[in-house]
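Chemist: coordinates only, sequence not included:
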């Protein structure tokens, strides 16, 4: 895959980046396109493998939200709803009015809130390794789970991507966003989502456990759960091929049903 085109876009008063790959012509890729959203502290970089595989058959967009990656830090802490508003505004500027939204970790919160703000634009959600389990809603519990994941279930390359992005993010912005993540009640908010939801996790993920993902899926109007063997929390990197297959199959099935 060729390098995605990068667009610097200001929306809702904040500056972010959108990375765009158009599917090869003549393949009649499924519509709508697929949009990938990262989690806390990181950027589009740990979504690159998945982005490249999806872009072989469907227009694919990856977003660096304001304050993450190389984007400038906003003056004030942004809420989950603020990030959702940015996603909608940035994609609208690119002419993307309808899209399947894929969020990883805290990105699952952004995805849910985006679907709640403008449900007509998001026909399907994919929540990968969603956070935060209300039964483990303390910073210490989340840190211990993330530590176990890094030590026992991640590859060197996934750990390197995450760590270097954490360093770029900086402790100040990370900690501000961490409080937002911990306070967001995704298990309550997802009940208002009317579109189909695919909850996807690495089978070895200690951050988004099987029990938690089942409970979250059960709160949605229509949801399914898929587990990818041999992967931890950063399932979209270490299990990219299987994740891409599951997302594309699900998108085709939902488009056919619609």
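Modeler: Okay, I see it. What you are looking at is a predicted structure, and each value in this text was computed from that prediction instead of being measured.

Chemist: ranges for the strands of the stretch 1-150 of the chain?
Modeler: 5-11, 14-21, 34-37, 60-64, 100-104, 125-128 (DSSP state E, counting those that start in this stretch).

Chemist: can those strands go into CSV with extra columns for mean neighbour count, distance to residue 81 and mean pLDDT?
Modeler: C-beta here means a position set from N, CA and C on the backbone, and glycine is covered the same way. Listed next are the strands of the stretch 1-150 of the chain as CSV, based on neighbours: other CB atoms under 10 Å; distance: least, CB to CB, whole Å; pLDDT from 0 to 100:
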stretch, mean neighbour count, distance to residue 81, mean pLDDT
strand 5-11, 14, 14, 98
strand 14-21, 21, 13, 98
strand 34-37, 26, 14, 98
strand 60-64, 28, 16, 98
strand 100-104, 29, 14, 98
strand 125-128, 29, 16, 98
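
Chemist: could you pull out the helices for the stretch 1-150 of the chain?
Modeler: Assigned by DSSP state H, counting those that start in this stretch, the helices in the stretch 1-150 of the chain fall at 48-54, 80-93, 106-117, 139-152.

Chemist: Correct me if wrong: residue 98 contacts residue 32.
Modeler: Yes. Taking CB atoms under 8 Å as the definition, residue 98 is a contact partner of residue 32 at 4.2 Å.

Chemist: so what's in contact with those two at the same time?
Modeler: With contacts defined as CB atoms under 8 Å, 6 or more residues apart in numbering, the residues shared by residue 98 and residue 32 are residue 123.

Chemist: higher neighbour count, these two?
Modeler: Taking neighbours as other CB atoms under 10 Å, residue 98 and residue 32 compare with residue 32 leading, 20 against 13.

Chemist: Among the strands of the stretch 1-150 of the chain, which comes closest to residue 135?
Modeler: strand 125-128 (17.4 Å; CB to CB).

Chemist: mind listing what the closest one pairs with, with the direction of each?
Modeler: When pairs are called by DSSP bridges, strand 125-128 turns out to pair with strand 100-104 (parallel), strand 197-202 (parallel).

Chemist: would you turn those strands into TSV with distance to residue 162?
Modeler: Formatted as TSV, these follow (distance: least, CB to CB, whole Å):
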stretch	distance to residue 162
strand 100-104	11
strand 197-202	14
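
Chemist: Which of those sits closest to residue 125?
Modeler: strand 197-202 (4.7 Å).

Chemist: what's downstream of the closest one, the next helix or strand?
Modeler: Downstream of strand 197-202, the next assigned helix or strand under DSSP states H and E is helix 210-219.

Chemist: ranking the helices of the stretch 1-150 of the chain by burial, who's on top?
Modeler: The highest average neighbour count among the helices of the stretch 1-150 of the chain, using mean count of other CB atoms under 10 Å, belongs to helix 106-117 at a mean of 26.

Chemist: I'd like to know which elements that helix is packed against.
Modeler: strand 34-37, helix 80-93, strand 100-104, strand 125-128, helix 171-183, helix 186-189 (3 or more CB pairs under 8 Å, 6 or more residues apart in numbering; DSSP states H and E).
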